[in-house]
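[1] After the sequence you'll find the predicted model.
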Amino acid sequence: MHKINAEKFIKERLSGVPPQIEFINQIYSKHDFPSLNFYCAGGAIRDIFDGNLGRFSDIDLFPMEQKDYDNLITLLRDKFNALEEKENDFNTSFNVKFKVERKNDNGEELEEVFEFIVQVVKFYHSSIEDLLDKFDFTICQFLYNSRSDEFVLGENSLLDLKNKKLAINKITYPLSTMRRLFKYTNKGFYACSGCLKTFIMHVRQEGDSDLDKEPEYID
């Protein structure tokens, strides 16, 4: 596991604060609860390290406890006027429009509007290590926490992202992982022999006992 100070990384590597980070920070700054702890994870954070700023279509929020989930739902409804899309056993999703004000090279104020889906996931975790271990591919182990202002990455996430390599961290939902494997290969990633071997061995060991399990969320 690697931890990177977000403020320092953004100042040294980027031209400004990415809109997904501004949105997450606003969620945290607007809360008035005794405590609020959640992580943003997945593609919206990975894109920051892959140079695809502002191209995200959804943001996945992972509350650490039930109370964090409840507080996030309240914040999105009350502070961001988010429109609830749907709720299932795995998450509650919202449609969000988020305005970002910036200055151009001439110092003029510009307003940019981003529209995206926010998914508040209903899986809770005892620690950041536990959350990080839940992701199937190492290139999905990119997290951000506003409270600590840190990016948290898997041990091999940056290297695998740089090499466009699909390596399996853990298989919980094999059908979902297979769908995502196709999705990422269409994006230019390649499944190494170790990835394919791990997947085949999992199916051999588990049989068809977990093939019907598949989470209902956008990935």
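    Right, received. Where do you want to start?

[2] Phi, psi for the nearest residue to residue 28 once chain neighbours are set aside please.
    Sequence neighbours aside, residue 146 is the residue nearest to residue 28 in space, at 3.9 Å (criterion: Cβ to Cβ, 6 or more residues apart in numbering). (C-beta placed from N, C-alpha, C; glycine too.) The phi/psi pair for residue 146 (degrees, to the nearest 10) reads phi -70, psi -40.

[3] quick one, what contacts residue 146?
    24, 25, 27, 28 (Cβ atoms under 8 Å, 6 or more residues apart in numbering).

[4] please redo it, this time with the cut-off set to 6 Å
    24, 25, 28 (Cβ atoms under 6 Å, 6 or more residues apart in numbering).

[5] What of residue 27?
    residue 75.

[6] Is it correct that residue 117 falls within a strand?
    Yes. Under DSSP: H, G, I helix; E, B strand; the rest coil, residue 117 sits within a strand.

[7] Next one, pLDDT for it please.
    We have a pLDDT of 93 for residue 117.

[8] Settle this for me: it is touching residue 58, isn't it.
    Yes. Residue 117 is in contact with residue 58 according to Cβ atoms under 6 Å; the separation is 4.1 Å.

[9] so which of the contacts of residue 146 is the most crowded?
    Highest neighbour count within the contacts of residue 146: residue 24, with 23 neighbours (other Cβ atoms under 10 Å).

[10] Let me see the ranges of the strands in the chain.
    2-5, 38-41, 58-63, 83-87, 91-103, 109-121, 142-145, 150-153, 165-166, 190-191 (DSSP state E).

[11] could I get these as a markdown table with mean neighbour count and distance to residue 70?
    Formatted as a markdown table, the strands of the chain follow (neighbours: other Cβ atoms under 10 Å; distance: least, Cβ to Cβ, whole Å):
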| stretch | mean neighbour count | distance to residue 70 |
| --- | --- | --- |
| strand 2-5 | 14 | 27 |
| strand 38-41 | 24 | 11 |
| strand 58-63 | 23 | 8 |
| strand 83-87 | 12 | 13 |
| strand 91-103 | 16 | 10 |
| strand 109-121 | 15 | 10 |
| strand 142-145 | 24 | 19 |
| strand 150-153 | 21 | 24 |
| strand 165-166 | 22 | 35 |
| strand 190-191 | 14 | 39 |
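
[12] Could you export those to CSV, including columns for distance to residue 16?
    As requested, those are exported to CSV (distance: least, Cβ to Cβ, whole Å):
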stretch, distance to residue 16
strand 2-5, 17
strand 38-41, 18
strand 58-63, 18
strand 83-87, 28
strand 91-103, 7
strand 109-121, 11
strand 142-145, 16
strand 150-153, 16
strand 165-166, 29
strand 190-191, 32
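
[13] what about the lowest-mean-pLDDT helix or strand in the chain, distance to the chain center?
    Across the helices and strands of the chain, mean pLDDT, DSSP states H and E gives its lowest value to helix 193-206, namely a mean of 83. Centroid displacement of helix 193-206 relative to its chain, using Cα atoms, centre = their mean, to the nearest Å, is 25 Å.
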